[in-house]
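Participant: Below are the sequence and a predicted model for it; my questions follow.
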Amino acid sequence: MAKLIHSMIRVLDLERSARFYRQGFGLEESHRLEFPTFKLLYLRDADSGCEIELTWNQSQAEPYTHGTGYGHVAFCVDDIAAHRDMMQRLGYAPGDIKSLAAPNGSARFYFVTDPDGYKIEVLERAGHYV
């Protein structure tokens, strides 16, 4: 059986991005690889073991384009209002909390953008999102 271990995103400022994921979502550095022209920083979620790999390329000066294929990374939290308030206090400009209801489930969520423009969905832990 295959196991999802990480998702990679390219960043302009490795430490700024690591701080966002550490402060906002509790991800901690698990591994770092440094090469002459790039660095890889792995941030792990202690609950699931899944990681985000932040890739910093030395020669990249302009923001990366995300194209039309990238959607978002998602996290679930126990108290969505408290989490949104924390992100606001940290200066990360979270969007409004929204709700969706469908016959087979519902969700409360908001979006926030990381320092490199990647959309992050934050869902309240309930139903499918636990």
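Facilitator: That came through fine.
Participant: ok, now which ones touch the residue nearest to residue 17 when sequence neighbours are not counted?
Facilitator: Nearest non-adjacent residue to residue 17, counting by CB to CB, 6 or more residues apart in numbering: residue 11, 4.2 Å away. Backbone N, C-alpha and C define where each C-beta goes, glycine included. Going by CB atoms under 8 Å, 6 or more residues apart in numbering, residue 11 touches 17, 54-56, 115-116.
Participant: Can you list the buried residues in the helix or strand harbouring residue 108?
Facilitator: Under the criterion of DSSP states H and E, residue 108 resides in strand 105-113. Of the residues in strand 105-113, those buried by neighbour count under the rule 16 or more other CB atoms under 10 Å are 107-110, 112.
Participant: still on that earlier bit, show me the beta-bridge partners of the residue nearest to residue 17.
Facilitator: residue 56 (DSSP bridges).
Participant: picking that back up, check pLDDT for the buried residues of strand 105-113 and point me to the minimum.
Facilitator: Minimum pLDDT for these is recorded at residue 107 (90).
Participant: and the closest residue in space to that one that isn't next to it in sequence, how many residues sit next to it?
Facilitator: Using CB to CB, 6+ apart and skipping the chain neighbours, the partner closest in space to residue 107 is residue 100 (5.1 Å). Applying other CB atoms under 10 Å, we find 9 residues neighbouring residue 100.
Participant: quick one, what contacts residue 100?
Facilitator: 106-107, 109.
Participant: And for residue 90?
Facilitator: 23-24.
Participant: How about residue 27?
Facilitator: Residue 27 touches 21, 43-45, 51-52, counting by CB under 8 Å, 6+ apart.
Participant: most remote residue from the protein's center?
Facilitator: The centre of the chain is farthest from one residue, residue 103, which by CA atoms, centre = their mean lies 28.4 Å away.
Participant: And that one, how far from residue 109?
Facilitator: 18 Å (CB to CB, to the nearest Å).
Participant: before we move on, what about residue 43?
Facilitator: 21 Å.
Participant: same question, residue 66
Facilitator: 20 Å.
Participant: Direction included, what does whichever strand or helix holds residue 75 pair against?
Facilitator: Following DSSP H and E, one finds residue 75 within strand 73-77. If you go by DSSP bridges, strand 73-77 pairs up with strand 119-124 (parallel).
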